[in-house]
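Sequence and predicted structure below; questions after.
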Amino acid sequence: MNKSSKIYISGHRGMVGSAIVRQLEKEGYTNLLVRRSSELDLRSQAQVNAFFEAEKPEYVFIAAAKVGGIHANNVYRAEFLYDNLMIEANLIHASYLQNAKKLLFLGSSCIYPKFAEQPMVEEQLLTGTLEETNEPYAIAKIAGIKMCEAYRDQYGCNYISAMPTNLYGYNDNYDLENSHVLPALIRKFHEAKMTQKDQVVVWGTGAPLREFMFADDVGRACVFLMENYDGKQFVNVGTGQEISIKELALLIKKVVGFEGNLEFDTSKPDGTPRKLMDSTKLHALGFKHQIQLEEGIKLAYEDYRSSLGVEKV
């Protein structure tokens, strides 16, 4: 990519899309193309084709997606499948029709089988049954990966895919019904601190191990791959580090400054015992994350407080 190349970032207001924009601007790219969903419905093939025909972006980041936690994935199964299939299909095909030089498709770690060996390597895709609760979302993401591979095979398109681990950071979702574990805990501890509660309850035993990556590191990784990787196989994007839910909760408790007790409701399910991406391939290319977990949680907490209109600490 040249600094003046026309680069389209779909989903630019989301957690990963906004991180990609920040990284591109930081590196001096000056010709960034973005549209809000109110301006361009990515589910509409006609709108997407007209947009691409008019703008002719040279490079395309597909960070737009319908996303949510376990509850949303399980309740809105048809929407998660339809919306994500349409978004990726329209963007990939329009990129081909308008001869975009390169495209990066963003997937998710949920593409892997429910009982995949740990840590999860890229070759484990489609080797087992998916987790039932988010199966529609996972199938849509797998279809995006395979579509990029197929357009590469049939048309010679330089389309690549990246699969990030569990993310958190700026522009995260802190809704207790639909958010993921880390932002949900930030909100829980903050509200408990503000209301002077004496304890916070966390589901399960606290034993499961999870991996977390700050969104701005993922944004860096996406730009790095666009600049340095042209392979057919998708690339895992993670830190290679894991932490138990109990340790995570204690760390967030410390950052937020909650002084009450931490209780684990062992009658609630733990979920998968371990979920870790093998990011050997990414690391071998020369990329490593920069933001460590405690620092990232501090940044995320400041962002959450700002969203509430509270001054940063």
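Here it is on my side, so go on.

from here on, contacts and neighbour counts on C-alpha atoms
Will do.

Tell me where this protein has helices.
With DSSP state H, the ranges of helices along the chain come out as 15-26, 45-55, 70-75, 77-97, 135-155, 181-194, 215-228, 245-256, 280-284, 293-307.

Looking at those, which is nearest to N2?
For the helices of the chain, the distance to N2 is smallest for helix 215-228, at 9.7 Å, taking CA to CA.

Against which helices or strands is the closest one packed?
With contacts defined as 3 or more CA pairs under 8 Å, 6 or more residues apart in numbering; DSSP states H and E, the secondary structure elements packing on helix 215-228 are helix 15-26, strand 102-106.

same thing but at 10 Å, please
In this structure, helix 215-228 packs against helix 15-26, strand 59-62, strand 102-106, strand 159-164, strand 166-168, strand 235-237, helix 280-284, helix 293-307, with contacts taken as 3 or more CA pairs under 10 Å, 6 or more residues apart in numbering; DSSP states H and E.

how far does it sit from the chain's center?
The chain centroid and the centroid of helix 215-228 are separated by 12 Å, computed with CA atoms, centre = their mean, to the nearest Å.

got it, and stretch 128-141?
Relative to its parent chain, stretch 128-141 has a centroid offset of 15 Å by CA atoms, centre = their mean.

CA atoms only: put that stretch into CSV for me.
Taking Å, rounded to 0.1, in the frame of the first residue of the first chain, the C-alpha atoms of stretch 128-141 are listed here in CSV:
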residue,chain,number,x,y,z
GLY,A,128,-15.1,-31.0,14.3
THR,A,129,-18.5,-29.8,15.5
LEU,A,130,-19.0,-26.1,16.3
GLU,A,131,-20.2,-24.6,19.5
GLU,A,132,-24.0,-24.7,19.2
THR,A,133,-24.8,-21.3,20.7
ASN,A,134,-22.8,-19.3,18.1
GLU,A,135,-22.9,-21.8,15.2
PRO,A,136,-24.7,-19.4,12.8
TYR,A,137,-22.1,-16.7,13.3
ALA,A,138,-19.2,-19.2,13.0
ILE,A,139,-20.6,-20.6,9.8
ALA,A,140,-20.9,-17.2,8.3
LYS,A,141,-17.3,-16.4,9.2
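
in that stretch, what counts as buried?
Of the residues in stretch 128-141, L130, E131, T133, N134, E135, P136, Y137, A138, I139, A140, K141 count as buried by neighbour count, 16 or more other CA atoms under 10 Å.

May I ask you to confirm that the second one is in contact with S109?
Read it as E131. No. At 11.2 Å, E131 does not count as touching S109 under the criterion of CA atoms under 10 Å.

tell me, what's touching those two both at once?
A138 (CA atoms under 10 Å, 6 or more residues apart in numbering).

Quick check: pLDDT value at the residue nearest to I92 when sequence neighbours are not counted.
Excluding the flanking residues, the one nearest I92 by CA to CA, 6 or more residues apart in numbering is C148, at 7.3 Å. Among the per-residue scores, C148 shows a pLDDT of 98.

shift numbering so it begins at 21
Understood, numbering begins at 21; the last thing we discussed is C168.

which residues does C168 contact?
In this structure, C168 makes contact with 108-109, 112-113, 123-125, 177-181, 252-254, judged by CA under 10 Å, 6+ apart.

elements contacting the one helix or strand in the chain whose mean pLDDT sits lowest?
Each helix and strand of the chain was given a mean pLDDT (mean pLDDT, DSSP states H and E); the minimum falls on helix 90-95 at a mean of 79. Contacts of helix 90-95 with other secondary structure elements, assessed using 3+ CA pairs under 10 Å, 6+ apart, are made with helix 97-117, helix 155-175.

Run the angle between the last one and strand 122-126 for me.
In other words, helix 155-175. With axes from the mean of the first three to the mean of the last three CA atoms, to 10 degrees as the criterion, the two stretches helix 155-175 and strand 122-126 enclose an angle of 160 degrees.

now do the first one
Computed by the same axes, to 10 degrees, the angle separating helix 97-117 from strand 122-126 equals 170 degrees.

chain center to helix 97-117: distance?
When C-alpha coordinates are averaged (CA atoms, centre = their mean), helix 97-117 and its chain have centres 17 Å apart.

Now that helix: buried residues?
Within helix 97-117, the residues scored as buried using 16+ other CA under 10 Å are 100-101, 103-116.

out of the residues you listed, what pair is the most spread apart?
Across the buried residues of helix 97-117, the two members that end up farthest from each other (CA to CA) are F100 and Y116, 24.3 Å apart.

would a markdown table of the helices of the chain with distance to F284 be doable?
As requested, the helices of the chain are arranged in a markdown table below (distance: least, CA to CA, whole Å):
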| stretch | distance to F284 |
| --- | --- |
| helix 35-46 | 29 |
| helix 65-75 | 47 |
| helix 90-95 | 19 |
| helix 97-117 | 30 |
| helix 155-175 | 28 |
| helix 201-214 | 13 |
| helix 235-248 | 28 |
| helix 265-276 | 9 |
| helix 300-304 | 34 |
| helix 313-327 | 21 |
